[in-house]
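Chemist: Predicted coordinates and the sequence they were generated for:
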Amino acid sequence: MTEQTSEGRFHTMALDAVRFPRRNTFDLFMELIADFPLRSTFEYRDDTPFHSRWTWAQVGEGSAIRWSCAPHTTIRTENDIADSTATGYGILYVLAGGARVIQAGHEIEAKPATAVIYDADHPAQVDMSAQNFRDYFFVTIPRQVVHASAPGEHFTNPMRLITMGSPLLQGLDYLAGVLGRRSGEELGPVANACRHLLTADFLMAQRQDASGAHGARAAAHLLARIRTEIDRELGNAALSPEWLAERFGISVRQVHKVFANERLTCQSYITHLRLDYARNDLATSLFKLRIATLAYRWGFADPSTFGRAFRNRFGCSPGDYQRRIRD
């Protein structure tokens with residue numbers, strides 16, 4: 001059924017075994033959506049009759065659809081994309097139920113009150129939740145519309161999850177209501193606002209990505225400087241995360257943070273390096289070394305602390321190691 005208002009045209013349909021008792025409802029569904037601008041391949045494996053209810057509207061050069069349905073899988077294949085006009089960005093908003101979106105090896109699980117942005121002009125798969133009730137809203141926004149709002153910007157890797165804290169999702173939530181009410185006078189203005197919100201969301205994400213990359217480079221540079229200082233001060237018994245924080249004018253928390261993705265914590269790195277140097281001395285010295293001298297040389301508080309650390313690391317005492325090397 002098509003409804004014409006002063007500001008927009010809405011296409012609505014209710015499809016189930018009660019309304020179409022003598023038809024394969026999934027085959028009928030495939031026939032009815034054949035003219036949708038977004039070509040897709042659908043998989044339905046349940047033995048029960050397929051059902052769906054939707055309202056669809058053209059929104060400028062994009063489109064919007066609000067629908068509930070039986071759980072199924074929607075796939076955008078290379079052939080589907082080739083048979084479609086350029087679509088741009090797609091946003092799948094989950095009002096009830098859930099969905100899993102897979103694209104380019106990435107997978108995002110969307111729950112109610114969340115949405116997934118992805119590139120609708122690249123292959124993707126959407127798996128609908130098997131929960132009892134599903135309600136979705138999907139909108140496409142042409143790439144050129146978004147890019148025209150931010151000339152000179154180049155958006156990459158748009159796929160991500162957005163939540164209700166985002167102004168974009170709040171706008172989409174309102175637009176889903178507009179479609180549900182089939183409010184023609186609101187459709188265009190609200191859809192246009194969502195386009196601007198999507199551009200703003202992309203710009204914000206891009207700034208955050210750039211800021212994160214800058215932060216990662218700064219952290220790597222600081223880590224390299226700290227490691228150089230550790231190597232230089234290894235014999236200093238006071239060397240510790242606290243000493244390094246004071247030396248670099250940063251907090252102890254920052255010292256620990258730059259080691260967060262490393263194999264060893266800051267203190268463990270210091271201890272491992274001290275033990276490596278001490279073992280090297282034991283292995284290369286032409287003379288028998290006093291264990292106490294070696295302990296103090298490499299910054300250990302006392303010989304017993306050094307001995308315990310050496311045994312824990314290498315499985316024998318410093319004295320046994322030295323005798324083994326000399327024999």
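Modeler: On my side now, so go ahead.

Chemist: Residue 109 belongs to a strand?
Modeler: Yes: the assignment for residue 109 is a strand, going by DSSP: H, G, I helix; E, B strand; the rest coil.

Chemist: any idea whether residue 67 is helix, strand or coil?
Modeler: Three-state assignment for residue 67 (three-state DSSP): strand.

Chemist: Quick check: nearest residue in space to residue 51, chain neighbours excluded?
Modeler: Once flanking residues are discounted, residue 51 sits nearest to residue 16: 4.0 Å by CB to CB, 6 or more residues apart in numbering. In this view, the C-beta of every residue, glycine as well, is placed from N, C-alpha and C.

Chemist: So what's the residue count around that neighbour?
Modeler: Here the count is done by other CB atoms under 10 Å, and residue 16 has 14 residues near it.

Chemist: Next, the residues that contact stretch 249-261 from outside, please.
Modeler: Residues outside stretch 249-261 that contact it (CB atoms under 8 Å, 6 or more residues apart in numbering): 219, 222, 223, 226, 241, 242, 244, 245, 248, 265, 266, 269.

Chemist: Pick out the most distant pair among the residues you listed.
Modeler: Farthest apart among the contacts of stretch 249-261 by CB to CB are 219 and 242. That separation is 19.3 Å.

Chemist: Which one's more surrounded, the two?
Modeler: Neighbour comparison, residue 219 and residue 242: the larger count goes to residue 219, with 16 against 13 (by other CB under 10 Å).

Chemist: so who does that one touch?
Modeler: By CB under 8 Å, 6+ apart, the residues touching residue 219 are 257, 258.

Chemist: Before we move on, what's the pLDDT of it?
Modeler: Among the per-residue scores, residue 219 holds a pLDDT of 81.

Chemist: again with residue 320
Modeler: The predicted structure scores residue 320 at 91 on the pLDDT scale.

Chemist: In CSV: the contacts of stretch 249-261, plus secondary structure and distance to residue 35.
Modeler: Rendered in CSV, the data for these read as follows (DSSP: H, G, I helix; E, B strand; the rest coil; distance: CB to CB, whole Å):
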residue, secondary structure, distance to residue 35
219, helix, 53
222, helix, 58
223, helix, 58
226, helix, 63
241, helix, 66
242, helix, 70
244, helix, 67
245, helix, 66
248, helix, 65
265, coil, 61
266, helix, 63
269, helix, 64
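
Chemist: Who does the closest residue to residue 123 other than its chain neighbours form a beta bridge with?
Modeler: Using CB to CB, 6+ apart and skipping residues adjacent in sequence, the residue nearest residue 123 is residue 76, 5.6 Å away. Residue 76 has the following beta-bridge partners by DSSP bridges: residue 124.

Chemist: On the pLDDT front, check residue 76 for me.
Modeler: Note for residue 76: predicted pLDDT of 93.

Chemist: What separation do you get for it and residue 278?
Modeler: Shown here: residue 76 relative to residue 278, a distance of 61 Å by CB to CB, to the nearest Å.

Chemist: residue contacts, residue 45?
Modeler: For residue 45, the set of contacting residues under the criterion of CB under 8 Å, 6+ apart consists of residue 72.

Chemist: Phi and psi next, for it.
Modeler: With angles defined as degrees, to the nearest 10, residue 45 sits at phi -110, psi 0.

Chemist: Check residue 163 too.
Modeler: Recorded main-chain torsions at residue 163 are phi -120, psi 180, according to degrees, to the nearest 10.

Chemist: For the nearest residue to it once chain neighbours are set aside, name its beta-bridge partners.
Modeler: Nearest-residue entry for residue 163: residue 114, 5.3 Å, with adjacent residues in sequence omitted and distances by CB to CB, 6+ apart. On DSSP bridges, the residues paired with residue 114 through beta bridges are residue 94, residue 163.
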